[in-house]
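Engineer: Model the following, please.
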Amino acid sequence: MIFLATGIRGNGLDALEGCAPDMRYSFYISGAAEVSGASSVSNGAGTIVSCDIKDAARVRQRLKTVDGESVTFGGSASDLNIIVKKFSADIIRREDIGGILIYYCFSPALGNGLNLDGAEINMQLAYSNGRVTAGTPLILGSY
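Structural biologist: Modelled structure (predicted):
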């Protein structure tokens, strides 16, 4: 992964823009939404709105509420530690479940989180089969 972005722009994962050419951004919302330049998949209870990371800020502005966000790209397990460092995050827990490496973290650069066994987390990272996924407060889609 090549980091070109510097600093945290707001309270999202879009600070990772420029890290990988195949980066995709997803927003998890309650209800339905259609946004030009983004794809939407709904299951009746919620919708995943996905776009290229370069369009993430524009798409976010057009959504009423966002329950979670994630970004995914081709990478390696070492990218999880790079993301932790970039967001000045503390790793609360590490797991390896069936070959999927998962970090649960807290970053002061991101918004409020969730309680996980008495500790607040607001970022989840996963690596599997050459794909890296970062989500806030959790990865709500697949990884």
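
Engineer: any weak-confidence spans in this structure?
Structural biologist: The chain contains residues with pLDDT under 70 at 1-21, 141-143.

Engineer: repeat that with 50
Structural biologist: 1-10 (pLDDT under 50).

Engineer: can you pull out the helices in it?
Structural biologist: With DSSP state H as the criterion, the chain has helices at 56-62, 78-86.

Engineer: Among those, which comes closest to residue 118?
Structural biologist: Nearest to residue 118, of all the helices of the chain, is helix 78-86, at 20.5 Å by CB to CB. C-beta: built from backbone N, CA, C; applies to glycine.

Engineer: List the buried residues of that closest one.
Structural biologist: Neighbour counts over helix 78-86 (16 or more other CB atoms under 10 Å) mark 79, 80, 82, 83, 84, 86 as buried.

Engineer: Could you dump the residues you listed into TSV with distance to residue 51 added?
Structural biologist: Below are the buried residues of helix 78-86 laid out as TSV (distance: CB to CB, whole Å):
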residue	distance to residue 51
79	21
80	23
82	23
83	20
84	25
86	21
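
Engineer: how much space between residue 39 and residue 105?
Structural biologist: Applying CB to CB, to the nearest Å, one obtains 28 Å for the distance of residue 39 from residue 105.

Engineer: do residue 123 as well
Structural biologist: Shown here: residue 123 relative to residue 105, a distance of 4 Å by CB to CB.

Engineer: Overlap of the contact sets of the two?
Structural biologist: Residues touching both residue 123 and residue 105 by CB atoms under 8 Å, 6 or more residues apart in numbering: 87, 89.

Engineer: So for the two, which sits in the more crowded spot?
Structural biologist: Shown here are residue 123 and residue 105; by other CB atoms under 10 Å, residue 123 has more neighbours (27 against 24).

Engineer: Relative to residue 110, how far out is the more buried one?
Structural biologist: Note on residue 123: its distance to residue 110, by CB to CB, is 6 Å.
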